[in-house]
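In: Quick one, structure for this:
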Amino acid sequence: MLSTGYLSAEILGRAKTFRSRSMQMWRLVRVLGAEFKDFAVWAFVASAMSVLLLYYFYPKQELPAHHYTILGFAYDTMLMTFFESPIPFVDDWRLIPVFFGLPILGLLVIAEGVVHFGSLIVHHKRYSKEWQKMLASTYENHIIVCGLGNVGFRVVEHLKKFEQDVVCIEKKVDTNFQAEIEALKVPVIDGDASSYSALELAGGKRAKAVIAVTDNDLVNLEIALNARELRPGIRAVVRMFDQRLAKKIEKQFGITCAYSTSALSAPVFAQSALSENILASFEFANTTVNAFQVKIEAATGFVGKKIDELRHQHEITVLMFERKDHVDWNPPPETVLAEGDKLLIITDNAHAQALFQSSVLK
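Out: Numbering: from 1, shown residues only. Okay, the predicted model is just below:
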C-alpha cells in the first residue's frame, strides 16, 4: 500500500506538471495572438464593414425574413468569405466591394494562416532565436538573467527549481550549456545585456527582477542601472568581483543586492580544508555560519542519542533528518539516531571546531 507521503508527493508532482504544461500552452496562445493580432483586426474591420453595407443597402425584399437582421447578414458574410454564395449578386456600386472583396479576404486569411502558422510551428520545434524572442514577449513578473557563463547557468537552474519564469540575455551562449538551457525551455535573447533594446526584448518593463552575472563589473552595474530606468523599483542583483566595490554600489546606487563571488566562496574554501562535509558557509550578524552534512556512524558517538541531546551538547541546529528514503525537514527532538542516518546541521565556527576535535566532522 502506498504511504500518504508518497501519494501527496505524486499528486504534487502531477499538479506541477499540469501547471507547467498549461503555462506552455497559454504562452503558445499568446504568441499566436500577438503574431496574428494586426491581421485579425483588419480582417474583423473588413468583415464588419461588409455586414453593415449588406444590412443597409442590400434589397431585403429579395431575401427570406431571417436575413433582415444583422446576425443573418453576418452569417452571409462568413459564407461569402469562404467562397459560398448565400445571396444573389446585386449590381450596386456600394455592394460590389463586398461581393468581390470578401473572397479575396478569404484567400488572404487562408494564405496568411497556412504560411504564418506553419512558420511559427517550425520556429517552435527548432526553438529558434525568433521563437525565443516571441516567447519572451509573453512573460510578465519574471526574472531576467544577464550572462550565461558558469554562474549564470547555475542561477537559472536554481530559479527553475523554484518554478520561476526566466528570460536570459547573452551574446554567445556557452556550447556546454546550450542544450541544458533549451531543455529548461528558457528563452535566450541574443544581444548585449547592457543595451536598452536587449532588456526591452527580454521584457525589462514587465520583469520583477534582473540578475547581472557577466564577468565584467562595470557591465553588470550598467545592466542594473538601465533596468532600473526601464522599470523603477525592479529588484537588481549584481555580481561583483571586488567586495569593497560591491558594498559601495549597493549603498550609493540603490542596487538591491551586490555580491562578490570571491567573498561568497572564500568561507566555503576555508572550511573545506578542515572538513569534507561542508555544504555552505556565510556571514550573518558578524558571525560565520556553517552548514554541514553529518552521517551517523559508530565512531561519531551519536548512535542511540536523541536529536535534542545533540542540540544541547554541541550547540547545533538540526535542519534536516534523513533515514533511508525518508526526509524530515523538522525532525522531532525525541528522534533516536541510528547508524546510517544523515543530518543537516548549522553551527558557528567555535562549535564547529569542537566537532572537528571530536572527529564528528571529517
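
In: make it CA atoms for all contacts and neighbour counts henceforth
Out: Fine.

In: Helix or strand for residue 54, just tell me which one.
Out: Element membership for residue 54 (DSSP states H and E) is helix 4-57.

In: Downstream of that helix, the next helix or strand is which one?
Out: Downstream of helix 4-57, the next assigned helix or strand under DSSP H and E is helix 70-81.

In: which other residues reach that next one?
Out: 47-48, 50-52, 54-55, 66-67, 85-87, 99, 102-106 (C-alpha atoms under 8 Å, 6 or more residues apart in numbering).

In: Average pLDDT for that helix, rounded please.
Out: What helix 70-81 shows for mean pLDDT is 83.

In: Okay, the residue positioned nearest the centre of the chain and residue 78: tell me how far apart.
Out: With distances taken as C-alpha atoms, centre = their mean, residue 165 lies nearest the centre of the chain, 1.4 Å away. Counting by C-alpha to C-alpha, to the nearest Å, the gap from residue 165 to residue 78 is 40 Å.

In: One more: residue 303?
Out: Taking C-alpha to C-alpha, one finds residue 303 at 80 Å from residue 78.

In: cool, residue 71 as well?
Out: Distance from residue 71 to residue 78, by C-alpha to C-alpha: 11 Å.

In: Of the two, which one has the most company?
Out: residue 78 (18 against 13; other C-alpha atoms under 10 Å).

In: Please report the distance of that one from residue 244.
Out: 69 Å.

In: what's the answer for residue 335, then?
Out: Distance of residue 335 to residue 244, given as C-alpha to C-alpha: 45 Å.

In: The longest strand anywhere in the chain - contacts with which helices or strands?
Out: As assigned by DSSP state E, the longest strand anywhere in the chain is strand 287-295. Helices and strands touching strand 287-295, as assessed by 3 or more C-alpha pairs under 8 Å, 6 or more residues apart in numbering; DSSP states H and E, comprise strand 278-284, strand 342-348, helix 349-357.

In: Quick check: which of these is nearest to residue 188?
Out: strand 278-284 (30.1 Å; C-alpha to C-alpha).

In: Now do the closest one: everything it contacts.
Out: So strand 278-284 is in contact with 264, 267, 268, 271, 272, 288, 289, 290, 291, 292, 293, going by C-alpha under 8 Å, 6+ apart.

In: Just the buried subset of these, please.
Out: 267, 268, 271, 272, 289, 290, 291, 292, 293 (16 or more other C-alpha atoms under 10 Å).

In: Next one, pLDDT for the second one please.
Out: Here the pLDDT value assigned to residue 268 is 71.

In: Could you tell me how many residues sit around the closest residue to it other than its chain neighbours?
Out: With C-alpha to C-alpha, 6 or more residues apart in numbering as the criterion, residue 268 has its nearest non-adjacent residue at 5.3 Å, and that residue is residue 281. Residues near residue 281, counting by other C-alpha under 10 Å, number 24.

In: Can you tell me which of the contacts of helix 70-81 are buried?
Out: Members of these classed as buried by 16+ other C-alpha under 10 Å are 47, 50-51, 54-55, 67, 87, 99, 102-106.

In: Nearest to residue 339 among those?
Out: Nearest to residue 339 among the buried ones among the contacts of helix 70-81, with distances taken as C-alpha to C-alpha, is residue 106, at 75.4 Å.

In: list the contacts for residue 160?
Out: Residue 160 touches 166, 184, counting by C-alpha under 8 Å, 6+ apart.

In: Name the secondary structure element that contains it.
Out: Assigned by DSSP H and E, residue 160 falls in helix 150-161.

In: Let's test this: mean pLDDT of whichever helix or strand comes after the longest strand of the chain, rounded?
Out: Per DSSP H and E, the first helix or strand lying C-terminal to strand 287-295 is helix 307-314. The average pLDDT within helix 307-314 is 85.

In: list the buried ones in stretch 279-289?
Out: 279, 280, 281, 282, 289.

In: Poorly predicted segments of the stretch 101-250 of the chain, please.
Out: 110, 112-128, 173-176 (pLDDT under 70).

In: in the stretch 151-300 of the chain, which spans are helices?
Out: 175-183, 196-201, 217-230, 243-252, 261-272 (DSSP state H, counting those that start in this stretch).

In: for the ones you listed, which one ends up most surrounded?
Out: helix 217-230 (a mean of 20; mean count of other C-alpha atoms under 10 Å).

In: I'd like the next helix or strand past the helix or strand where residue 107 lies.
Out: According to DSSP H and E, residue 107 maps onto helix 96-126. Downstream of helix 96-126, the next assigned helix or strand under DSSP H and E is helix 129-136.

In: Just give me how far that next one sits from the chain centre.
Out: 14 Å (C-alpha atoms, centre = their mean, to the nearest Å).
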